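**Student:** any chance you can model this:
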Amino acid sequence: MSIDIKTPELPESVDEATLLTWHVNDGDEVMRDDKLADVETDKIVLEVFAPADGVLQVNVEEGGTLKRGDVMGVLKEGSASGASGDKSGSDTSGANKKSSDEKSERAAEDRPGGTGPTAKAEAESSGSPAGEEKVDVSALQGLSPAVRKLLLEHNLQPGQIQGTGKDNRITRQDVLRFIEETPEAKKNLGLGAPERVLDLSVAGKASTSKPAADDPSIKRVPMSQLRQRVATRLKEVQNTAALLSTFNEVNMKPVMDIRAKYKERFEKDYGVKLGFMSFFVKATVEALKKFPVINASLDGKDILYHEAYHIGIAVDSPRGLVVPVLRNAETMSFAEVEKQIRGLAGKAKDAKLAYEDLIGGTFTITNGGTFGSMLSTPIINAPQSAILGMHAIQERPWVENGQVVIRPVMYLALTYDHRIIDGRDAVQFLVSLKQSLEDPAQLMLQL
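**Tutor:** From the prediction side, this is the model:
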């Protein structure tokens, strides 16, 4: 009996995914609930687990595209040796025996040190006899079938290649990139690029032509599903929305004084550090209540006013920028905001965010200041209509009561869709935010 391992359930708005990593190899025995693979969509990474005990047969290589219902692998009951025996002994006709032999040859090809006809052909193409091993086959253990095959074909040692997969695993893309960048690897299969000849008829187009794939100074890396989706969405926003940005500055000394005074007690009582983001989230919610159009979105010719405040927090992750959402932030305390942000940031780092963590936001906050940004004009996160940009805190001259003093100052930027938000509302929103942060007592009293 065999069980099809299909593409995991994709979110409704997602049509395809990428098989990111196999955690077990073709032909390995697995136990029920063992982690088999990671599947990447444009929003999240989905984990695939074994539904039963058995032997895995890989159908789709790492980096392959998956659609709904695709069979990425098959789980066969029994041990690896038993599954192999069943496969060769169950067919008695000449045609079925030939098919079984071909399958055995392919299996031998994928196993380290395989000696089937395909493996011999590989050895001959690499310039070495079938029995002579130029690759340390023991080092191939733990690698996916696609990676092992490429390494054997090109006579490459795993230690030559820097892995970029999870836990520094070597992926198929890592091997292909190494081959492109290493002329010696190409020569192993006669893949050296021919000498380029200048074509005068297209010389004038040289400045706009694509870079040559064999240029050693070029590193070609495929865009991830997430990066492709981000690029598409941001370009769509630029093409459709009337983006405009307005700025203000805020004296952060009052907030910093409160943090310095209560941070130890806060952490002791709530088990989480008191950061700046909770102040900004609470101040943002109060400002959105005063100017509800900032929390609205455009649907055709209608404006949708959201009465709940679902605040997206832009978070950097190993896969790129993601925006998990704090739902009903208006009901949260400072401690709850800090705990939620810490939990979501941890899930983003470990690629554990669920689809539900990323949808439904009505307003977004992004903090470029953590990377040293002084000022920027962020792009709104559609279908939202505005986004707040925080920036680095720097000591600057500040006028108080006619005197110039030094204060820690942050620039704020609000980018908004001018189709539904007027400049007056945008400016007053930032002013309200500034007032709450410079007098934090207003946040406690919700003034």
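**Student:** please tell me how far the residue nearest to the spatial centre of the chain sits from residue 35.
**Tutor:** Nearest to the centroid of the C-alpha atoms of the chain, with distances taken as Cα atoms, centre = their mean, sits residue 319, at 2.6 Å. Distance, residue 319 to residue 35, using Cβ to Cβ, to the nearest Å: 18 Å. C-beta here means a position set from N, CA and C on the backbone, and glycine is covered the same way.
**Student:** now do residue 168
**Tutor:** In terms of Cβ to Cβ, residue 168 sits 17 Å off from residue 35.
**Student:** more neighbours, the two?
**Tutor:** residue 35 (13 against 9; other Cβ atoms under 10 Å).
**Student:** now the more buried one: closest residue in space, sequence neighbours ignored.
**Tutor:** residue 23 (5.1 Å; Cβ to Cβ, 6 or more residues apart in numbering).
**Student:** ok, now residue 237?
**Tutor:** Closest to residue 237 by Cβ to Cβ, 6+ apart is residue 382, at 5.0 Å.
**Student:** shouldn't the one you found be in contact with residue 233?
**Tutor:** Yes - in this structure, residue 382 is within contact of residue 233 by Cβ atoms under 8 Å, at 6.2 Å.
**Student:** one step back: for the residue nearest to residue 35, give me its contacts.
**Tutor:** Counting by Cβ atoms under 8 Å, 6 or more residues apart in numbering, residue 23 makes contact with 34, 35, 36, 37, 38.
**Student:** residue 310 touches residue 359, doesn't it?
**Tutor:** No - counting by Cβ under 8 Å, residue 310 sits too far from residue 359 to count as a contact (9.2 Å).
**Student:** what is in contact with the two at once?
**Tutor:** residue 325.
**Student:** what about those two, which has more around it?
**Tutor:** residue 310 (19 against 16).
**Student:** just want the phi and psi numbers for that one.
**Tutor:** phi -100, psi 100 (degrees, to the nearest 10).
**Student:** mind listing what it touches?
**Tutor:** Residue 310 neighbours (Cβ under 8 Å, 6+ apart): 325, 326, 327, 328, 329, 360, 361, 362, 363.
**Student:** ChimeraX command to pick out the buried ones of the residues you listed?
**Tutor:** Buried members of those, defined by 16 or more other Cβ atoms under 10 Å, are picked up in ChimeraX with:
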select :325,326,327,329,361,362,363
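**Student:** inside strands: which ones of the contacts of residue 310?
**Tutor:** 325, 326, 363 (DSSP state E).
**Student:** who does the second one bridge with?
**Tutor:** When you say that, I think you mean residue 326. Per DSSP bridges, the residues bridged to residue 326 are residue 311.
**Student:** which residues does the nearest residue to residue 69 once chain neighbours are set aside bridge with?
**Tutor:** Using Cβ to Cβ, 6+ apart and skipping residues adjacent in sequence, the residue nearest residue 69 is residue 6, 6.0 Å away. Counting by DSSP bridges, residue 6 is bridged to residue 71.
**Student:** was I right about residue 6 contacting residue 74?
**Tutor:** No - under the criterion of Cβ under 8 Å, residue 6 is not in contact with residue 74, lying 10.1 Å apart.
**Student:** next secondary structure after the lengthiest strand in the chain?
**Tutor:** The longest strand of the chain (DSSP E) is strand 403-417. Next helix or strand after strand 403-417 toward the C-terminus (DSSP states H and E): helix 423-438.
**Student:** packing partners of that next one?
**Tutor:** In this structure, helix 423-438 packs against strand 243-251, helix 253-270, helix 276-290, strand 386-390, strand 403-417, helix 441-445, with contacts taken as 3 or more Cβ pairs under 8 Å, 6 or more residues apart in numbering; DSSP states H and E.
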